[in-house]
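S.K.: predicted model follows, preceded by the sequence.
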Amino acid sequence: MLEDKLLILRFKHGSGDALCRIYQKYRIYLLRIATALLNDTALAEDVVHDVFLRFALSAKRIKLKGSLKAYLRACVVNDVRSRARAAKRYSCLGLDEIEPAAVTENESEHWIILEEQSKRISGALVQLSFEQREAVVLRLNGGMKFREIADLQNVSVKTIQSRYRYGLNKLRSILNSEVEK
Amino acid sequence: MRPAEKIEKLIKKFEVDINPEKDRENLDELLRAQAQSIHPKPAFSHFNWRNIMKSPITKFATAAVIITAVFIGIDQFGQTVNLSAIAFAEISEATKNVSWMHQINKGFERGVKGKGEQWYGFETEIFASKPSQDKPLFIDLKENKRYRYDPKHQTITITNVDDFPLDLSSPLRMLESLSERFKEQGAEIIVKKSSYKGQQVQLQQISLSRTGPNNDENHLLRLYIQPKTKLLVGAEVKGTNADGKVIMDGEITFTYPQTGPSSIYDLGVPRDAKIVNNLPKAE
């Protein structure tokens, strides 16, 4: 936390090293959240890159009220919602529509590389409603507290806990074979 | 271990790895953007987003016009353009056969939601706009006439076209007057492969940073170009203020029909609407 405050201070004074450190510190964390929420690596790359780009452009003007990590995460989640809406990815897919996480043919040109297990998890997550997926991903992959997720989604903690529980139950039935191994 | 704990443990195993080369490219771009924001180039004097948004055309339509402008005029922007994927000469060439462009747009700007559709006739020099919650507009530049329908009073008001910002005689000419302005503003542009509605496309991403008293905003334009036809198929525009709050978010899709509206009645305006002729008497 203290490191982030110093990084932001240096970043606001135009330090490229500070921007590098912030980027290296949070890019994988943000990519993980975006990819798990979107099940589309190309879109996830765009979201995270856009967030960092806007962040870099705002060097002299940014006014952080909370933590840097929470700020970047909120930017990613908001962008994901916007893009998911545009791509109509909110809808829950049927079981016969499951596809592995969308990865473009030539991975060498792309930022994100997904291992087989992560593709399967992503394929399962996309079958949840977006609200359930968001609760599960932000809790388990984003390390957020239920209270923080509730604030982000503007609902009660109980609602988030319920979405999380129902989401896990559904994932368990989808991924049953992996869990039993 | 309880079943819930097993599934939690499994989901936590979701990990992403990154391509180091692409990672370095991205970081380089961020560093350039940061440098640009610290030493901004002079802002527009007379042609900027805010002024454009005040134009008589629907806000999103105008945003889309600008995006369209970038789509052909992008190669004039400056030195940061990576032209590796599609040559812009090809894009310009592709538009020579475009007689009409149709766009559907939706989104919000400073809390105001909007959606609608527009047509640009390049041979006919016609602009038509059919916003969902606003007044249909039909402009015939050859005739120098603007028709606006007022659904409340069921009237069509005809005036001269005094302030239309674009030259519609050809797609290229429409863009020439605009591209120079973007160059002045120092837009940062990257080109890369992406996906758009399930298709592989080329993404042109343009970032603009505006500075000034109480006016610090970042705008990001994303243009999706179909590799085979070299035509723009979709665009997104996003604006954030200094706090990172999204103040503008729009999505636009483009098609290239053979024909377009030939009068304001083709926009759904009733034929019995009363005509209010505000043309100068000589007309």
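M.R.: Okay, I see it. None of these values were measured; they are calculated from a predicted model.

S.K.: lowest-pLDDT helix or strand in chain A?
M.R.: Within chain A, judged by mean pLDDT, DSSP states H and E, the helix or strand with the poorest mean is helix A:176-180; its value is a mean of 59.

S.K.: what pairs with B:Thr240 across the strands?
M.R.: B:Thr240 forms beta bridges with B:Asn218, B:Val246, as assigned by DSSP bridges.

S.K.: now do the strand or helix carrying A:Ala74: distance to the chain's middle.
M.R.: For A:Ala74, the enclosing helix or strand under DSSP states H and E is helix A:68-86. Relative to the chain's own centre, helix A:68-86 is displaced by 7 Å; criterion: C-alpha atoms, centre = their mean, to the nearest Å.

S.K.: can you give me the angle the host helix or strand of A:Ile28 makes with helix A:68-86?
M.R.: Using DSSP H and E, A:Ile28 sits in helix A:16-38. Angle of helix A:16-38 versus helix A:68-86, following axes from the mean of the first three to the mean of the last three C-alpha atoms, to 10 degrees, is 40 degrees.

S.K.: does B:Thr255 touch B:His102 like I think?
M.R.: Yes - at 4.9 Å, B:Thr255 counts as touching B:His102 under the criterion of C-beta atoms under 8 Å. Using the backbone N, CA and C atoms, a C-beta is placed for each residue, glycine as well.

S.K.: neighbour-wise, which of those two wins?
M.R.: Neighbours per residue (other C-beta atoms under 10 Å in any protein chain shown) separate B:Thr255 from B:His102, with B:His102 holding more: 18 against 12.

S.K.: that one belongs to a strand?
M.R.: Yes - the assignment for B:His102 (DSSP: H, G, I helix; E, B strand; the rest coil) places it in a strand.

S.K.: re earlier: same question for the helix holding A:Ala74: list its buried residues.
M.R.: A:68-84, A:86 (16 or more other C-beta atoms under 10 Å in any protein chain shown).

S.K.: what about the helices in chain A?
M.R.: A:2-12, A:16-38, A:41-57, A:68-86, A:116-125, A:130-140, A:146-153, A:157-174, A:176-180 (DSSP state H).

S.K.: in the sheet, which residues pair with B:Ile206? Tell me.
M.R.: B:Ile189, B:Leu221.

S.K.: and B:Phe138, by the same measure?
M.R.: B:Ala128, B:Tyr147.

S.K.: so it touches B:Ser263, yeah?
M.R.: Yes - B:Phe138 is within contact range of B:Ser263, at 6.6 Å (criterion: C-beta under 8 Å).

S.K.: anything in contact with each of these two?
M.R.: B:Tyr147 (C-beta atoms under 8 Å, 6 or more residues apart in numbering or on different chains).

S.K.: near chain A, which residues of the stretch 151-283 of chain B are found?
M.R.: Within the stretch 151-283 of chain B, the positions lying close to chain A (C-beta under 8 Å from any C-beta of the partner chain) are B:192-195, B:197, B:200, B:203, B:205, B:207, B:209, B:216, B:218, B:220, B:222, B:236, B:238, B:240, B:242-244, B:246, B:249, B:251.

S.K.: from those residues, keep the buried residues only.
M.R.: For these, buried by 16+ other C-beta under 10 Å: B:192-195, B:203, B:205, B:207, B:209, B:216, B:218, B:220, B:222, B:236, B:238, B:240, B:242, B:244, B:249, B:251.

S.K.: got any ranges where chain B has weak pLDDT?
M.R.: In the predicted model of chain B, residues B:1-3, B:38-96, B:110, B:133-134, B:162-191, B:210-215, B:281-283 satisfy pLDDT under 70.

S.K.: strands along that one, start to end?
M.R.: Taking DSSP state E as the test, the strands found in chain B are B:17-18, B:100-109, B:112-121, B:126-131, B:137-140, B:145-150, B:155-160, B:188-196, B:199-210, B:217-226, B:231-241, B:246-255, B:274-277.

S.K.: how close does the residue sitting furthest away from the middle of chain A sit to B:Gln34?
M.R.: In chain A, the residue that sits farthest from the middle, by C-alpha atoms, centre = their mean, is A:His13; the gap is 28.5 Å. Plainly put, A:His13 is 11 Å away from B:Gln34 if you go by C-beta to C-beta, to the nearest Å.

S.K.: residues of the helix holding A:Ile28 that come out buried?
M.R.: Buried residues in helix A:16-38, counted by 16+ other C-beta under 10 Å: A:16, A:18-23, A:26-38.

S.K.: and the residue nearest the centre of chain A, what's its pLDDT?
M.R.: Taking C-alpha atoms, centre = their mean, the centroid of chain A lies closest to A:Ile33, which sits 2.0 Å from it. Per-residue pLDDT puts A:Ile33 at 93.

S.K.: distance-wise, check it relative to chain B.
M.R.: 10 Å (C-beta to the nearest C-beta, to the nearest Å).

S.K.: which residues does the closest residue in space to A:His49 that isn't next to it in sequence contact?
M.R.: Once flanking residues are discounted, A:His49 sits nearest to B:Asn26: 5.8 Å by C-beta to C-beta, 6 or more residues apart in numbering or on different chains. Applying C-beta under 8 Å, 6+ apart, we find B:Asn26 in contact with A:Tyr23, A:His49, A:Phe52, A:Trp111.

S.K.: for the third one, give its distance to A:Ser82.
M.R.: Right, the one you point to is A:Phe52. For A:Phe52 relative to A:Ser82 (C-beta to C-beta), the value is 16 Å.
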